[in-house]
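*Asks:* give the three-dimensional model of this entry:
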Amino acid sequence: MSLHARNLALLDDLSIPYREVSHEAVLDYPTAHAVRQRFGLRGVESKSLFLRLRGGGYAMLVTLENARADWVQLKAVLGARPSIASDEELVALTGCVPQCACPLGHAAAITLVFDDAIFQHEYLLFSPGPPERTLEVSTADLARLLPTLPNRVLNYRSS
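*Replies:* So this is what the prediction gives:
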């Protein structure tokens, strides 16, 4: 099953409503903002960073587009020093396209770290895999989805 199909299945399994739009590839925030305006998408843009953990393992940090990673806090939350994984690791382990990491639909061994700031907004916008697709999902529904995932889900507060 493709990453895109896994993302839609996660939402459909819990009857979570979403809006999906197709567009040109979004690999930067100016393009994402143009797509958001053109389609009247609500919500904030996500930023997902694929992290390699010292000692083994991987995590996906899911935060907001302008947020800066707090590496000290991430190390405390994850219990290991994180660094940004290579594009090759991202593609091989998640199926994501570099510059378009997806927050959901990953193998259970990948820890998800969600920024609490996301849930201060009504909707989150993210790619479900292909950079030519964007999903708009209510953050209340996203909060309902996270505990059902096979991944370890941790909370974090961006600086």
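*Asks:* what about residue 77, which SS state?
*Replies:* helix (DSSP: H, G, I helix; E, B strand; the rest coil).
*Asks:* tell me who's in contact with it.
*Replies:* For residue 77, the contacting residues are 113, 154, 155, 156, by C-beta atoms under 8 Å, 6 or more residues apart in numbering. The C-beta positions use only the backbone N, C-alpha and C, and glycine is treated the same way.
*Asks:* give me the subset of these lying in strands.
*Replies:* 113, 154, 155, 156 (DSSP state E).
*Asks:* if I look at the nearest residue to the third one once chain neighbours are set aside, how far off is residue 40?
*Replies:* Okay, so that is residue 155. Setting aside the residues directly before and after it, residue 155 is nearest to residue 116 in space (C-beta to C-beta, 6 or more residues apart in numbering), at 5.7 Å. In this view, residue 116 and residue 40 are 27 Å apart by C-beta to C-beta, to the nearest Å.
*Asks:* and the furthest pair within the contacts of residue 77?
*Replies:* 113 and 155 (7.7 Å; C-beta to C-beta).
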